[in-house]
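*Asks:* coordinates only, sequence not included:
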Ligand SMILES: Nc1ncnc2c1ncn2[C@@H]1O[C@H](COP(=O)(O)OP(=O)(O)OP(=O)(O)O)[C@@H](O)[C@H]1O
Ligand SMILES: [Mg+2]
Ligand SMILES: [Zn+2]
């Protein structure tokens with residue numbers, strides 16, 4: 001196919017009907033002839049293709065950061081803000097937007113609240129924004145991390161060092177649901193201390209989510225852990241509001257009728 005525009009001649013060969021964009025037939029510019037003069041402007045598909053590629057690369061980076069599919073789509077925009085959860089949403093959003101500063105100072109974030117309030121959702125939204133800004137983040141569910149490390153002693157898979165290295169090197173480490181179990185063994189306490197202390201000494205931020213308050217963590221994980229968390233995070237951020245899981249379950253039930 002021969003095409004002339006802007007004083008130049010283009011040749012393109014296509015199998016018929018196989019264009020990505022029917023509007024510009026993949027020329028990426030739209031040519032219009034008026035009174036014998038040909039003018040062209042960029043086609044919308046260029047921007048669409050760029051944003052699709054960006055989206056795909058963000059998805060891949062979120063997956064590499066350890067975010068499961070369910071939480072890869074959780075954002076600040078699709079978090080329903082109410083009077084009760086607004087302070088947490090604002091704090092998490094401001095934290096993510098100013099992450100470059102926090103990365104340098106090691107300032108961390110601790111989200112605490114009852115089950116289903118949206119702590120993991122907000123943590124995922126922070127990871128998304130931080131990764132979008134080009135930082136490396138690692139999201140781990142605390143008890144899964146502990147069992148992965150324990151399993152590494154027995155099997156041929158990743159060694160403990162291989163599991164810990166990315167957690168040490170990441171610009172942001174998320175420890176999700178640190179209070180998921182009611183008791184920690186001495187080994188688990190030691191490991192959590194080691195991981196938190198590793199971030200603390202490197203002055204690298206962590207984001208922790210928990211159902212339980214400071215005193216619970218102090219009783220279970222010890223003063224050394226709590227003191228480090230308090231120094232890194234400052235005030236713990238309460239995530240209040242209604243239980244979203246119950247709400248989702250209810251709306252699904254209601255749809256059945
Ligand atoms: N304000 C909200 N707007 C939209 N979706 C929400 C909101 N809060 C929670 N959700 C959704 O509800 C579900 C439960 O939230 P999430 O897993 O973040 O709770 P959580 O506080 O981490 O609970 P848990 O302590 O049990 O881990 C998720 O699918 C999440 O995306
Ligand atoms: Mg959670
Ligand atoms: Zn086009």
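*Replies:* All right, it came through fine. Note that the structure is a prediction, hence the values are computed from the model and not measured. Ligands and ions are numbered 1, 2, ... in the order given.
*Asks:* switch to C-alpha atoms for all contacts and neighbour counts from now on
*Replies:* OK.
*Asks:* for whichever strand or helix holds residue 95, give me every contacting residue.
*Replies:* For residue 95, the host element (DSSP states H and E) is helix 86-97. Residues outside helix 86-97 that contact it (Cα atoms under 8 Å, 6 or more residues apart in numbering) are 76, 81, 102, 109, 111, 122-123, 126-127, 129-130, 237-240.
*Asks:* quick one: buried residues of that helix?
*Replies:* When burial is assessed from 16 or more other Cα atoms under 10 Å, helix 86-97 yields the following buried residues: 86, 87, 88, 89, 91, 92, 93, 95, 96.
*Asks:* picking that back up, now the contacts of helix 86-97: which count as buried?
*Replies:* Taking 16+ other Cα under 10 Å as the criterion, what is buried in those is 76, 102, 109, 111, 122-123, 126-127, 129-130, 237-240.
*Asks:* between these, which is nearest residue 196?
*Replies:* Closest approach to residue 196 among these (Cα to Cα): residue 109, at 12.7 Å.
*Asks:* and the gap between the closest one and residue 216?
*Replies:* Distance of residue 109 to residue 216, given as Cα to Cα, to the nearest Å: 18 Å.
*Asks:* equivalent analysis for residue 61, please.
*Replies:* Taken as Cα to Cα, the span from residue 61 to residue 216 is 34 Å.
*Asks:* higher neighbour count, these two?
*Replies:* Using other Cα atoms under 10 Å as the criterion, residue 61 and residue 216 rank with residue 61 on top: 19 against 14.
*Asks:* now do the more buried one against residue 176, distance only.
*Replies:* Residue 61 is 18 Å from residue 176, where distance means Cα to Cα.
*Asks:* state the pLDDT value of residue 87.
*Replies:* Here, the pLDDT recorded for residue 87 equals 96.
*Asks:* please enumerate the strands of this structure.
*Replies:* Here the chain has its strands, by DSSP state E, at 2-5, 8-11, 29-34, 37-42, 109-112, 137-141, 172-176, 206-210, 237-238.
*Asks:* so for the first one, what's the average pLDDT?
*Replies:* Right, the one you point to is strand 2-5. Mean per-residue pLDDT for strand 2-5: 64.
*Asks:* kindly report the same for the shortest one.
*Replies:* pLDDT averaged over strand 237-238 equals 94, rounded to a whole number.
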